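Enquirer: got a predicted model here, sequence first, then my questions.
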Amino acid sequence: MQLHSKVKGKGQPLIILHGFLGMGDNWKTLANAYSKEGFEVHLVDQRNHGRSPHEEAFNYDLLAEDLKDYLEAKDLESVSIIGHSMGGKTAMRFATLFPDRVDKLIIVDIAPKYYAPHHQQILEGLTKISEAKLTSRTDADELLAEYISEKGVRQFLLKNLYWKTQEELNLRLNLSALKQKIEEVGKGLPQNASYAGKTLFIKGEKSNYIQESDKTDISDHFPDFEIQSIKNAGHWVHAEKRDAFFELSLEHLKS
């Protein structure tokens with residue numbers, strides 16, 4: 001599968017993997033900042049997201065294989081990776097399967113454990129949008145507001161809208177596959193999977209995705225790990241506290 005990407009800058013290759021229901025474009029501003037620091041930044045859309053191909057099959061082994069195929073297509077030997085949420089799970093799986101292809105690894109607000117499905121409300125709202133044959137972004141926002149009260153979350157999700165025809169808006173997501181495979185999104189790393197390289201976990205202080213009790217699990221898979229917390233940030237830590245996130249991540253990438 002040939003994943004869609006946007007590449008910014010020249011230098012050391014840096015792959016950025018978005019979270020569930022996101023796309024590479026979500027990281028555009030940070031990508032520009034990394035590119036000014038000597039990185040060739042690849043904003044990758046994972047399968048069933050953004051402009052990448054749609055497939056019914058969806059799990060972290062496949063997402064890791066997709067990334068390996070991408071590196072081969074782009075002739076990239078080893079890369080640094082930043083992965084947020086679902087993208088963090090892909091990055092972890094990739095590192096445990098292909099450790100020699102990873103230079104620096106940064107996992108954003110996710111642990112290697114199992115998470116129960118918790119996106120049902122969002123998926124319901126997005127399904128209504130995809131069925132409604134909408135003709136304006138305002139209408140899409142109003143419809144989604146019936147399911148999601150937080151404006152920031154709605155804005156993030158509505159980045160998936162595009163003009164399917166001149167009259168009709170639709171979503172770039174493969175919703176049917178993602179709804180069907182929602183259990184896969186929460187799956188943890190296989191028990192014996194481990195990566196010996198230095199790994200930085202960045203968490204939002206106000207997010208409950210990485211908890212104190214997860215440290216044992218993290219160290220089982222990533223023995224050389226460090227967790228850094230960013231004050232007053234939630235799960236979308238890279239968007240909420242962009243400058244602090246950039247500084248912290250850059251330090252690790254350049255160490």
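Expert: Nice, I can see it. Here the structure is a predicted model, which is why all the values come from computation and not from measurement. Numbering: from 1, shown residues only.
Enquirer: now for the lowest-mean-pLDDT helix or strand in the chain, which elements pack on it?
Expert: Every helix and strand in the chain was compared by mean pLDDT, DSSP states H and E; the lowest is helix 151-158, with a mean of 92. Under the contact criterion of 3 or more CB pairs under 8 Å, 6 or more residues apart in numbering; DSSP states H and E, helix 151-158 touches helix 120-131, helix 137-145. Every C-beta, even on glycine, is put in place using the N, C-alpha and C of the backbone.
Enquirer: just give the nearest non-adjacent residue to residue 4, would you?
Expert: Nearest residue to residue 4, sequence neighbours excluded (CB to CB, 6 or more residues apart in numbering): residue 51, at 3.9 Å.
Enquirer: actually, residue 100.
Expert: In this structure, residue 100 finds its nearest non-sequential neighbour in residue 78, 6.8 Å apart by CB to CB, 6+ apart.
Enquirer: what are the phi and psi values at the one you found?
Expert: With angles defined as degrees, to the nearest 10, residue 78 sits at phi -130, psi 150.
Enquirer: tally of neighbours for it?
Expert: Close neighbours of residue 78, defined as other CB atoms under 10 Å, add up to 14.
Enquirer: still on that earlier bit, so who does the residue nearest to residue 4 touch?
Expert: The contact partners of residue 51, by CB atoms under 8 Å, 6 or more residues apart in numbering, come to 4, 23, 45, 172.
Enquirer: try 10 Å this time
Expert: Going by CB atoms under 10 Å, 6 or more residues apart in numbering, residue 51 touches 3, 4, 5, 6, 23, 24, 25, 45, 162, 172.
Enquirer: okay but the second one is in contact with residue 54, surely?
Expert: When you say that, I think you mean residue 4. No: with contact defined as CB atoms under 10 Å, residue 4 does not count as touching residue 54 (11.4 Å).
Enquirer: name the residues contacting each of those two.
Expert: When contacts are counted by CB under 10 Å, 6+ apart, the set common to residue 4 and residue 54 consists of 47, 172.
Enquirer: between those two, point out the one with more neighbours.
Expert: Shown here are residue 4 and residue 54; by other CB under 10 Å, residue 4 has more neighbours (18 against 15).
Enquirer: got the buried residues for the least confident helix or strand of the chain?
Expert: Within helix 151-158, the residues that qualify as buried by neighbour count (16 or more other CB atoms under 10 Å) are 154, 156, 157, 158.
Enquirer: what does stretch 228-236 give?
Expert: By neighbour count, and taking 16+ other CB under 10 Å as the criterion, the buried residues in stretch 228-236 are 229, 230, 233, 234, 235, 236.
Enquirer: okay if I get those as JSON lines plus distance to residue 73 and secondary structure?
Expert: JSON lines is the format used below for these (distance: CB to CB, whole Å; DSSP: H, G, I helix; E, B strand; the rest coil):
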{"residue": "229", "distance to residue 73": "36", "secondary structure": "strand"}
{"residue": "230", "distance to residue 73": "34", "secondary structure": "strand"}
{"residue": "233", "distance to residue 73": "34", "secondary structure": "coil"}
{"residue": "234", "distance to residue 73": "35", "secondary structure": "coil"}
{"residue": "235", "distance to residue 73": "31", "secondary structure": "coil"}
{"residue": "236", "distance to residue 73": "30", "secondary structure": "coil"}
